[in-house]
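>>> Output the structure for:
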Amino acid sequence: MRIATWNVNSITARLPRLLAWLESSGTDVLCLQEAKVAEEQFPSEQLRELGYESAVHATGRWNGVAVLSRVGIEDVVKGVPGDPGFDGSVEPRAISATCGPLRVWSVYVPNGREVDHPHYAYKLQWFEALKAAVAGDAAGSRPFAVMGDYNVAPTDDDVFDPAFFEGSTHVTPAERAALASLREAGLSDVVPRPLKYDQPFTYWDYRQLSFPKNRGMRIDLVYANAPFAKAVSDAYVDREERKGKGASDHAPVVVDLDV
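Take a look at the predicted model:
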């Protein structure tokens, strides 16, 4: 079984590439982030023509998450119980579903913006709510994973130059402690292999020729419980999908499972 996570940075802008990638990659379950469309505008019919069902949580603004599956979708839950919300509203940042033999969450963790910004405090609070929400499945016997754009690089090895990010979000001790707290709940980091270079970066800024220079970060993560992690036969970053005109600034992370 092949599953993947991909921040498409607008499904409308990326739809031709997404459809082509689904046809060529053999993916059974895909977790999407930054759909940036309202649910009624989500391209469910085009995806259904390829054999995929869709579960979507989106409002048409900057967020929006989804799970696509060709092995069935059941028990869909939108949002995170206890979500602290930001600026008076709860944003569509998480959706979970059972797809065949496993359960997955697709998450788009708040960016944090700047360390002294209220969005940063919201980000840390959101992580706490996420941990509480996934603890039961993390400790369970069914293969389970929380997949998506975490907006945190787990270690200094997960950025092209730690000095470049000094004082910025995505690399602070508090954000990394939030990841460690998720691991304490029974999840482990499924680290993909890179298809080029030494580090499995998943994100490269559009600016400053970041992709050709490989000035990237690994912030798209697969956090899995023990049954899921034991079933992993391969994991890689599909860096090719970051190339060319009209690409997202994130690449898909693909995981193969023996389930």
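>>> Next one: Gly60, what pLDDT does it get?
Looking at Gly60, its pLDDT reads 88.
>>> For it, which non-adjacent residue is spatially closest?
With sequence-adjacent residues excluded and distances taken as Cβ to Cβ, 6 or more residues apart in numbering, Gly60 is closest to Ala38, at 3.6 Å. For glycine as for every other residue, the C-beta is placed from the backbone atoms N, C-alpha and C.
>>> What residues does that neighbour make contact with?
Counting by Cβ atoms under 8 Å, 6 or more residues apart in numbering, Ala38 makes contact with Ala58, Thr59, Gly60.
>>> Buried ones only from these, please, as a PyMOL command.
A single PyMOL command suffices to select whichever of these are buried according to 16 or more other Cβ atoms under 10 Å:
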select buried, resi 58+59
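>>> Can you list the buried residues in the lengthiest helix in the chain?
The residue-count maximum for a helix in the chain (DSSP state H) belongs to helix 118-138. If you call a residue buried by 16+ other Cβ under 10 Å, then helix 118-138 has these buried ones: 120-127, 129-131, 133-134, 137-138.
>>> One more: stretch 42-55?
Within stretch 42-55, the residues that qualify as buried are Phe42, Pro43, Ser44, Leu47, Tyr52, Glu53, Ser54, Ala55, counting by 16+ other Cβ under 10 Å.
>>> Report the two of the residues you listed separated the most.
With distances taken as Cβ to Cβ, the most widely separated pair in the buried residues of stretch 42-55 is Pro43 and Ala55, at 13.7 Å.
>>> Tell me which stretches of this structure form strands.
For the chain, the strands defined by DSSP state E cover 2-7, 29-33, 53-57, 65-69, 74-78, 94-99, 102-108, 144-149, 188-189, 203-204, 216-217, 220-224, 232-237, 253-257.
>>> which neighbours does the third one have in its sheet, and in what orientation?
In this case it means strand 53-57. Strand 53-57 sits in its sheet next to strand 65-69 (antiparallel), going by DSSP bridges.
>>> The partner strand versus strand 102-108: what angle between them?
150 degrees (axes from the mean of the first three to the mean of the last three Cα atoms, to 10 degrees).
>>> how far out from the middle of the chain is stretch 118-132?
With Cα atoms, centre = their mean, to the nearest Å as the basis, stretch 118-132 stands 16 Å off its chain's centre.
>>> With stretch 232-240 instead?
With Cα atoms, centre = their mean, you get 14 Å for stretch 232-240.
>>> Surely Ala224 and Ala185 touch.
No - with contacts counted by Cβ atoms under 8 Å, Ala224 stays clear of Ala185, the gap being 11.7 Å.
>>> which residue is nearest the centroid of this protein?
Gly148 (1.0 Å; Cα atoms, centre = their mean).
>>> quick one: contacts for it?
Gly148 makes contacts with Thr5, Asn7, Cys31, Gln33, Val65, Trp105, Ser106, Val107, Tyr108, Val109, Asp220, Leu221, as judged by Cβ under 8 Å, 6+ apart.
>>> Between those, identify the one with the most neighbours.
Using other Cβ atoms under 10 Å as the neighbour criterion, Cys31 leads the contacts of Gly148 with 32 neighbours.
>>> State the distance from that one to Asp158.
From Cys31 across to Asp158, the span is 19 Å (Cβ to Cβ, to the nearest Å).
>>> if I pick Glu23, what's in contact with it?
Contact partners of Glu23, counting by Cβ under 8 Å, 6+ apart, are Leu50.
>>> So Val259 is in contact with Val71, correct?
No - look at Val259 against Val71 with Cβ under 8 Å: they stay out of range, at 10.2 Å.
>>> anything in contact with each of the two?
Counting by Cβ under 8 Å, 6+ apart, the residues touching both Val259 and Val71 are Met1, Gly100.
>>> How much space separates Pro84 from Gly60?
Taken as Cβ to Cβ, the span from Pro84 to Gly60 is 22 Å.
>>> make that Gly79, sorry
Distance, Gly79 to Gly60, by Cβ to Cβ: 16 Å.
>>> for Ala139, same thing?
Going from Ala139 to Gly60 by Cβ to Cβ gives 36 Å.
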